[in-house]
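**Q** no FASTA, just this:
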Ligand code: XMP
C-alpha cells in the first residue's frame, strides 16, 4: 500500500486516483498524523512508499511538516510541490519565499538521469535533453538542495524543479504529476509506485467492495439506514453497496415525482426490489407535484417547488418509518450518494485545510433536520470509480453508464408550465431519441452514439405549428433534440450527430407520438447557451 499525506492541496485526491488507476492500494491521511501513527501504519510491512501532497499555503504561512518517521522508515518518498519543499527543509535544504506565483503550463528539463524520470519525456531539445510539459502552481521554491540530493529537473524560473536522493529513494518534484495537464504525470506516478516503491498492482474494485462493506458494517452496527433513491447513478450505487453490507437494515425511499423518463420508475423498482431484494418504498407523488406546479412558468420557481416538495415527501416518509418501529433503535442514519467531486466542490474535503470554492446542494441540510447521522460510502470515489463499483456490484451496465439526469427531471425540459399531457408526450419522444442513439453505431470507434455523447434528451416546446399528415392538416407541438459532448459540463459542444440518425429519430417521433408534428435539433454550444433549456 501507498500512504498519501495530505497537506491540503485541492488536487490531493487526484494523486490517490492516479495511484488507484495503477491498481495500487493507497490511503489519504492528513499531514499532521504523528510519527508514532506512521510507524504503526507501517508495522504490518505492507507500506511500500509515501507521497507528500501539495498545499495551497506557503511553507512560511504554515508550519506543517511531514512526521519525521516518514524519512526514517526506509521506504521511498515522493514530495509534490509543497511536499517537496517541506522535504527539502526538513532534510537540511533551503526554501525561499517568492512574491511571484508561477501558475500553469511550464516546460521542465529532466536532469541527472534519475530512476524517476529516466526515458520519460514529451520531447527533446536539439542538444538531446528530455523535456516534460507540466503544470506548476507555486510561489516558494527550493533554493538549496539538502545534503545527499542531486538536481533532477529545472525550468528557467525555477532552477530546482526536482530533486532526488537515489540512495534513500527520496524524490521531490515542484510540478504536479497528478493533474492531466502534466502529460507524463501518469507515467511518472506509475514509475514511482510500481518500480521505485515496488508496490504490486493488485488493487481492484472487488477488494474495495470488501473494505467498503466492512467499513459500513462497523459504522452502522445494528442500526438502520434510510436512503433516498433517485434512479441516478450515485444513489443507485450507494444503495447497492449498502444493501450488500447490511441487507434489510437498509430502507430505500424512491420518490416518483412524475417527471421521470419513460418507464424509469418501474425500472428502478424492478432492479432494487425485484432483483436485489432490497427494501424499497415507492412513493407516487406525481399528482402532488403536478398540482403544485400548475400555472408556474418560471424555471427557478419550478426548481424551488420541485426541490421543496421532494424534501417534504421524503421527510414525511422518513418520519413515518421512524415512528413505525418505536421499540427498536429505529432509523439512525441517512445515506447519501455523495461522491468525491461533490465533497471537493463544497469545500468539505476530509482535509481540514482545503479551501471552499462553492457549496453544493448534495451535502448537508437534510440529516440535521431529520435528526439522522450521515452515511456517505462513496465520498472518496470519482464518478468513473463509482461506475466501476456499480458494475462490480452487479448493477446493469446501461444503468451505471446512463447520462446524467437533472433532479427536477422533465420539469425543466418542459418549457414553461408543466402539464401531465406535455410530460407524457415528451417521455415518448425522448425514449425514441435515446433508443436510436443506443442502436446507432459510429463505425470508426465502434461505439454507439449514446456512449459518444455526454448527455442527450428531448425538450418539449409548448408551441403549436402547422403540419400535414396524410390528407389532413395538423396543428401540434414541437420537440427539440439536444445532444452535447463535454468533459466537465461547464462547457459543452453540440454533437455532430449523423443526418441519417436525426432523420430516423424525427420520422419516428412524428409518426409514433401523436401530438407532435415537428422536430428540431439544437445547434447551440455552452456557453452562451446552457445544456438544459431552462
Ligand atoms: P446546464 O443546463 O446548467 O446543465 O448547462 C449542466 C448540467 O447540470 C444538469 N442540471 C441540473 N442538475 N438539478 C440537477 O440536479 C438541476 O436543477 C439542474 N439543472 C441542470 C444538466 O442536466 C447538465 O448535466
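**A** Looks like it arrived, so ask away. Since the structure is predicted, the reported quantities are computational estimates derived from the model, not experimental observations.
**Q** of all the residues in the chain, which ones are close to the ligand?
**A** 303, 404, 406, 407, 408, 412, 455, 489, 526, 530, 531, 532 (CB under 6 Å from any ligand atom). From N, CA and C alone the C-beta is placed, and that goes for glycine too.
**Q** now those: which count as buried?
**A** Buried members of those, scored by 16 or more other CB atoms under 10 Å, are 303, 406, 407, 408, 412, 455, 526, 531.
**Q** make TSV from these and add secondary structure to it.
**A** Listed next are those as TSV, based on DSSP: H, G, I helix; E, B strand; the rest coil:
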residue	secondary structure
303	helix
406	coil
407	coil
408	coil
412	helix
455	strand
526	strand
531	coil
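**Q** so where's the protein uncertain?
**A** For the chain, the stretches flagged by pLDDT under 70 are 59-60, 325-329, 344-364.
**Q** how is this structure divided into domains?
**A** 2-196, 205-400, 419-521 (automatic domain parsing).
**Q** need the winner for burial among those domains.
**A** Ranked by mean neighbour count, these are led by domain 2-196 with a mean of 19 (mean count of other CB atoms under 10 Å).
**Q** off-centre distance for that domain?
**A** 25 Å (CA atoms, centre = their mean, to the nearest Å).
**Q** cool, stretch 269-282 as well?
**A** That offset, for stretch 269-282, works out to 25 Å (CA atoms, centre = their mean).
**Q** where do the helices sit along the stretch 401-534 of the chain?
**A** With DSSP state H, counting those that start in this stretch as the criterion, the stretch 401-534 of the chain has helices at 420-439, 449-452, 499-512.
**Q** about what we covered before: could I get the buried ones among the residues of the chain next to the ligand as a markdown table with distance to residue 66?
**A** Below are these laid out as a markdown table (distance: CB to CB, whole Å):
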| residue | distance to residue 66 |
| --- | --- |
| 303 | 46 |
| 406 | 43 |
| 407 | 42 |
| 408 | 46 |
| 412 | 48 |
| 455 | 43 |
| 526 | 43 |
| 531 | 43 |
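**Q** ok, so of these, who is nearest residue 6?
**A** In terms of CB to CB, no member of those lies closer to residue 6 than residue 407, at 30.9 Å.
**Q** doesn't residue 244 belong to a helix?
**A** Yes - counting by three-state DSSP, residue 244 is located in a helix.
**Q** spit out the contact partners of residue 474.
**A** Residue 474 sits next to 466, 467, 468, 517 when contact means CB atoms under 8 Å, 6 or more residues apart in numbering.
**Q** same question, residue 163
**A** Residue 163 neighbours (CB under 8 Å, 6+ apart): 84, 88, 93, 142, 145, 146, 149, 150, 151, 152, 171, 172.
**Q** and what of residue 96?
**A** Residue 96 sits next to 140, 141, 143 when contact means CB under 8 Å, 6+ apart.
**Q** now do residue 492
**A** Residues counted as contacts of residue 492 (CB under 8 Å, 6+ apart) are 454, 455, 484, 485, 486, 525, 526, 531.
**Q** the host helix or strand of residue 133: what's the following helix or strand?
**A** Element membership of residue 133 [criterion: DSSP states H and E] is strand 130-138. Counting by DSSP H and E, the element after strand 130-138 in chain order, helix or strand, is strand 141-144.
**Q** that next one packs against which elements?
**A** helix 82-90, strand 94-96 (3 or more CB pairs under 8 Å, 6 or more residues apart in numbering; DSSP states H and E).
**Q** right, and those - which one's nearest residue 505?
**A** Among these, helix 82-90 sits nearest to residue 505 (CB to CB), with 51.8 Å.
**Q** using the three-state scheme, assign residue 50.
**A** Relying on three-state DSSP, one would call residue 50 strand.
**Q** equivalent analysis for residue 176, please.
**A** Three-state call for residue 176 (three-state DSSP): coil.
**Q** what's the nearest residue to it if we skip its chain neighbours?
**A** With CB to CB, 6 or more residues apart in numbering as the criterion, residue 176 has its nearest non-adjacent residue at 5.2 Å, and that residue is residue 135.
**Q** mind checking how far that neighbour is from residue 107?
**A** To residue 107, residue 135 is 11 Å away according to CB to CB, to the nearest Å.
**Q** possible to save the helices of the stretch 401-534 of the chain as JSON lines with distance to residue 55?
**A** Shown next, in JSON lines, are those (distance: least, CB to CB, whole Å):
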{"stretch": "helix 420-439", "distance to residue 55": "44"}
{"stretch": "helix 449-452", "distance to residue 55": "38"}
{"stretch": "helix 499-512", "distance to residue 55": "49"}
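**Q** among those helices, which is nearest residue 278?
**A** Comparison of the helices of the stretch 401-534 of the chain against residue 278 by CB to CB identifies helix 420-439 as nearest, at 25.6 Å.
**Q** run the chain-centre distance for the closest one.
**A** Centre to centre, stretch against its chain (CA atoms, centre = their mean), the figure for helix 420-439 is 27 Å.
**Q** next one: stretch 461-478
**A** The chain centroid and the centroid of stretch 461-478 are separated by 43 Å under CA atoms, centre = their mean.
**Q** and residue 251, what element?
**A** Assigned by DSSP H and E, residue 251 belongs to strand 250-256.
**Q** ok, residues contacting that strand?
**A** So strand 250-256 is contacted by 224-231, 239, 242-243, 265, 268-269, 272, 278-286, 310, 313-314, 317-318, 321, 331, 335 (CB under 8 Å, 6+ apart).
**Q** mind listing what the nearest residue to residue 132 once chain neighbours are set aside touches?
**A** Distances taken as CB to CB, 6+ apart put residue 108 closest to residue 132, at 4.6 Å, once the chain neighbours are dropped. Residue 108 is in contact with 131, 132, 134, 153, 154, 155, 161, 162, 175, counting by CB under 8 Å, 6+ apart.
**Q** go on, residue 168?
**A** Going by CB under 8 Å, 6+ apart, residue 168 touches 71, 148.
**Q** for it, give its distance to the ligand.
**A** Distance of residue 168 to the ligand, computed by CB to the nearest ligand atom, to the nearest Å: 48 Å.
**Q** residue 421 now?
**A** For residue 421 relative to the ligand (CB to the nearest ligand atom), the value is 23 Å.
**Q** how close does that residue sit to residue 461?
**A** Distance from residue 421 to residue 461, counting by CB to CB: 14 Å.
**Q** likewise residue 252?
**A** As judged by CB to CB, residue 252 and residue 461 stand 35 Å apart.
**Q** same check on residue 486?
**A** Taken as CB to CB, the span from residue 486 to residue 461 is 23 Å.
**Q** same deal with residue 432?
**A** On the measure of CB to CB, residue 432 and residue 461 end up 16 Å apart.
**Q** next: residue 202.
**A** From residue 202 to residue 461 the distance is 54 Å (CB to CB).
**Q** contacting residues for the nearest residue to residue 336 once chain neighbours are set aside?
**A** Spatially, and ignoring its direct neighbours in sequence, residue 336 is nearest to residue 376 (5.4 Å; CB to CB, 6+ apart). Residue 376 is in contact with 238, 335, 336, 337, 338, counting by CB under 8 Å, 6+ apart.
**Q** with residue 186 instead?
**A** Residue 186 sits next to 18, 21, 177 when contact means CB under 8 Å, 6+ apart.
**Q** right, and the first one touches residue 185 too?
**A** Meaning residue 18. Yes - with contact defined as CB atoms under 8 Å, residue 18 counts as touching residue 185 (7.1 Å).
**Q** shared neighbours of the two, anything?
**A** Listed as contacting both residue 18 and residue 185 by CB under 8 Å, 6+ apart are 177, 178.
**Q** and the helix or strand hosting residue 398, how far from the chain's centre?
**A** Per DSSP H and E: residue 398 is located in helix 397-400. Helix 397-400 has its C-alpha centroid displaced from the chain centroid by 16 Å (CA atoms, centre = their mean).
**Q** now do the contacts for the spatially closest residue to residue 412 that is not a sequence neighbour.
**A** Ranked by CB to CB, 6+ apart and with sequence neighbours excluded, the top spatial neighbour of residue 412 is residue 534, at 4.2 Å. Each residue near residue 534 by CB under 8 Å, 6+ apart is listed here: 299, 302, 412, 413, 415.
**Q** thank you, goodbye.
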